[in-house]
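Student: Predicted coordinates and the sequence they were generated for:
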Amino acid sequence: MTGSCRLHISVWSSRRKATCRKTFRGQRQGQGHRRRISPSGSSHLARLPLLSVSHHSLFFKALQFFMCHICCSRLRCPPLRLPPVFVLLSLQDAFEVLAENYEFSEMEGPCLAFRRAASVLKSLPSAVESLRAAQDLPCLGEHTKAVMEEILRCGRSFEVEKILSDERFQTLKLFTSVFGVGPKTAEKWHRRGLRSFSEVLAEPSIHLNRMQQSGFLHYGDISRAVSKAEARAVGNIIDEAVRAITPDAMLTLTGGFRRGKEFGHDVDLIVTAAEPGREQNLLSEIIDSLKKQGILLFCEYQASTFDTTKLPSHRFEAMDHFAKCFLILRLEGSRVDEGLHSAEGDSRNWRAVRVDLVSPPADHFAFTLLGWTGSRQFERDLRRFARLERRMLLDNHALFDKTKKEFLTATTEKDIFDHLGLEYIEPWQRNA
DNA sequence: CGGCAT
DNA sequence: CGTA
DNA sequence: GCCG
């Protein structure tokens, strides 16, 4: 029954959250600023894994910019202890902090529980202002209600503030904010005594992989929000590249922007070719085009591993086997209607943007669209509902009925909701 | 007490 | 392990 | 941590 409850609740709209995390981060940067070290030491530059020698000066320039403007170094400083701060957190933000902390402690259960609690509150039409209002909500138990009571009563939570002021939490949060660095890597670096980006970059024994190199190189840009206008501009760039290859291809904006969000952390696009089998090479041709235009800053391409010949025995797996790529693109300001969403003091007329492309065969488009529209929590709830309530397996490719032992076909998202016996849920209602 | 998306 |  |  959990699944149906959650899905029912997530039908309502979302609300925007408070600004405390920003305040918190701002303060941290403030401290970092005062303690900033000179980025001049070249010892670490000599052994930085580079894309190629010719990129060296470019990398150096970018790294200097990065060290000066973004990286809040705490080199040779004692572990950071924030002075007592009055941290005003929304209930959702408080639960997200708790979830994140459990994630860093590798306690997936409690982590998920707090994510669900945050999601439930997010799905409500208005903010919860009393414990009574939360009485009948699912996914809220003893612990979450205790935190709620504290915050509703005095606007803050001892437990949450303890986490926010914890040096380990702050460092893991900082490290995982780099594209390509997850909880395990962050934990590894922290265990080795590293506490700042400059310490990581100066450590000779650390070999950053390609993704992490790009993550650091473009850190300032890709950790800044992408505006809807920028997403449209990226869409246009991909669209131009695609129609030069096949005029009958179709491009669909998905991810957070399809859910109606004004800002996102990346741009997700689905590319479909009318001609069956054409999708196999479509992405690599698009990548070639972007490369020729000189706007491809990073590319991880994963060719399709999808095999229709062994579909029935085919395992349901984590990420999809359709051709896809994770990109970082150079977006020129001149291409964005409302101008670039850039940081103050940044005189460049371009910024880097994270872009994901996926190219499914036309007959699997609906599943890919549903899977890539999110939100993350919505996808988990939907798949859990499918398995537990309907004995069906749902992923980015298909829906399998375990009772009938057959795949259910769909040309629209509506078809999939029908198969699951659910009312259609609009993308903007899937934010929680 | 087991499951938690794939 | 990272990515969605 | 919450639910079945």
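Tutor: Looks like it came in fine.
Student: Of all the residues in the stretch 51-200 of chain A, which one is nearest DNA strand B?
Tutor: The nearest approach of the stretch 51-200 of chain A to DNA strand B comes at residue A:109, 3.2 Å away (CB to the nearest atom of the strand). In short, each C-beta sits where N, CA and C put it, glycine included.
Student: Make sure that residue is indeed in a helix.
Tutor: Yes: Residue A:109 forms part of a helix when assessed by DSSP: H, G, I helix; E, B strand; the rest coil.
Student: so what's it up against?
Tutor: Contact analysis of residue A:109 by CB atoms under 8 Å, 6 or more residues apart in numbering lists residue A:102.
Student: State the distance from it to residue A:242.
Tutor: Using CB to CB, to the nearest Å, one gets 43 Å for the distance from residue A:109 to residue A:242.
Student: since we're on the closest residue to residue A:253 other than its chain neighbours, how many residues are nearby?
Tutor: Nearest residue to residue A:253 in three dimensions, chain neighbours excluded: residue A:235, at 5.6 Å (CB to CB, 6 or more residues apart in numbering). Residue A:235: 17 surrounding residues under other CB atoms under 10 Å.
Student: residue contacts, residue A:235?
Tutor: A:251, A:253, A:267, A:269 are the contacts of residue A:235 under CB under 8 Å, 6+ apart.
Student: where does the stretch 201-350 of chain A dip in pLDDT?
Tutor: Applying pLDDT under 70 to the stretch 201-350 of chain A flags the ranges A:308-319.
Student: quick one: the strands in it?
Tutor: Assigned by DSSP state E, counting those that start in this stretch, the strands in the stretch 201-350 of chain A fall at A:226-227, A:250-254, A:263-264, A:267-272, A:296-302, A:323-332, A:350-359.
Student: Now render those strands as a markdown table, adding mean neighbour count and distance to DNA strand D.
Tutor: Compiled in a markdown table, these are given as follows (neighbours: other CB atoms under 10 Å; distance: least, CB to the nearest atom of the strand, whole Å):
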| stretch | mean neighbour count | distance to DNA strand D |
| --- | --- | --- |
| strand A:226-227 | 22 | 32 |
| strand A:250-254 | 17 | 28 |
| strand A:263-264 | 17 | 28 |
| strand A:267-272 | 24 | 28 |
| strand A:296-302 | 18 | 31 |
| strand A:323-332 | 22 | 30 |
| strand A:350-359 | 24 | 29 |
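Student: how close does the closest residue to DNA strand C within the stretch 151-300 of chain A get to residue A:364?
Tutor: In the stretch 151-300 of chain A, the residue found nearest to DNA strand C is residue A:182; the distance is 2.5 Å by CB to the nearest atom of the strand. Distance, residue A:182 to residue A:364, by CB to CB: 28 Å.
Student: cool, and residue A:306?
Tutor: For residue A:306 relative to residue A:364 (CB to CB), the value is 8 Å.
Student: So if I had to pick from these two, which one is more boxed in?
Tutor: residue A:364 (21 against 18).
Student: Show the contacting residues for the more buried one.
Tutor: Shown in contact with residue A:364 (CB under 8 Å, 6+ apart): A:322, A:397-398.
Student: doesn't residue A:143 make contact with residue A:157?
Tutor: No: using CB atoms under 8 Å, residue A:157 is not in contact with residue A:143; the gap is 11.3 Å.
Student: Chain A against DNA strand C: which residues are in contact?
Tutor: Contact residues, chain A versus DNA strand C (CB under 7 Å from any atom of the strand): A:179-186, A:211, A:215, A:255, A:266, A:268, A:318-319, A:326, A:354, A:356, A:372.
Student: Swap in 6 Å and give it another go.
Tutor: Residues of chain A lying near DNA strand C by CB under 6 Å from any atom of the strand: A:179-185, A:266, A:268, A:318-319, A:326, A:356.
Student: and which of the residues you listed is nearest residue A:391?
Tutor: residue A:318 (20.8 Å; CB to CB).
Student: Count the neighbours of residue A:343 for me.
Tutor: Residue A:343 has 13 nearby residues by other CB under 10 Å.
Student: ok, the spatially closest residue to residue A:256 that is not a sequence neighbour - contacts?
Tutor: Once flanking residues are discounted, residue A:256 sits nearest to residue A:264: 4.1 Å by CB to CB, 6+ apart. Residues near residue A:264 by CB under 8 Å, 6+ apart: A:225-226, A:231, A:255-257.
Student: do that again at 10 Å, thanks
Tutor: By CB atoms under 10 Å, 6 or more residues apart in numbering, the contact set of residue A:264 is A:225-228, A:230-231, A:255-258, A:353-354.
Student: How about the contacts made by residue A:379?
Tutor: Contacts of residue A:379 by CB under 10 Å, 6+ apart are A:370-373, A:394-396, A:430.
Student: Find the centremost residue of chain A, please.
Tutor: Nearest to the mean C-alpha position of chain A, by CA atoms, centre = their mean, lies residue A:265 at 6.2 Å.
Student: distance of it from DNA strand B?
Tutor: Here the criterion is CB to the nearest atom of the strand, to the nearest Å. By it, residue A:265 lies 15 Å from DNA strand B.
Student: same thing with residue A:286?
Tutor: 24 Å.
Student: Now that residue. Nearest residue, chain neighbours left out?
Tutor: Leaving aside its sequence neighbours, residue A:286 sits nearest to residue A:241 (CB to CB, 6+ apart; 5.0 Å).
Student: Run a quick neighbour tally on that neighbour.
Tutor: Residues within reach of residue A:241, counting by other CB under 10 Å, total 21.
Student: That one contacts residue A:327, doesn't it?
Tutor: No: contact status for residue A:241 versus residue A:327: not in contact, 11.6 Å apart, counting by CB atoms under 10 Å.
Student: List the residues that are in contact with both of the two.
Tutor: A:286-287, A:290, A:295.
Student: Now do the contacts for the residue nearest to residue A:286.
Tutor: A:249, A:251, A:271, A:285-290, A:292-293, A:295.
Student: can you do 7 Å?
Tutor: Residue A:241 makes contact with A:286, A:289-290 under the criterion CB atoms under 7 Å, 6 or more residues apart in numbering.
Student: Turn the residues you listed into CSV, including neighbour count and distance to residue A:335.
Tutor: Converted to CSV, the contacts of residue A:241 look like this (neighbours: other CB atoms under 10 Å; distance: CB to CB, whole Å):
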residue, neighbour count, distance to residue A:335
A:286, 25, 17
A:289, 18, 15
A:290, 22, 13
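Student: Relative to DNA strand D, which of the residues you listed is nearest.
Tutor: residue A:286 (40.7 Å).
Student: So for residue A:199, what's the pLDDT?
Tutor: pLDDT, residue A:199: 98.
Student: returning to that earlier point: quick one: which of the contacts of residue A:364 is nearest DNA strand B?
Tutor: Nearest to DNA strand B among these: residue A:397, at 8.5 Å, using CB to the nearest atom of the strand.
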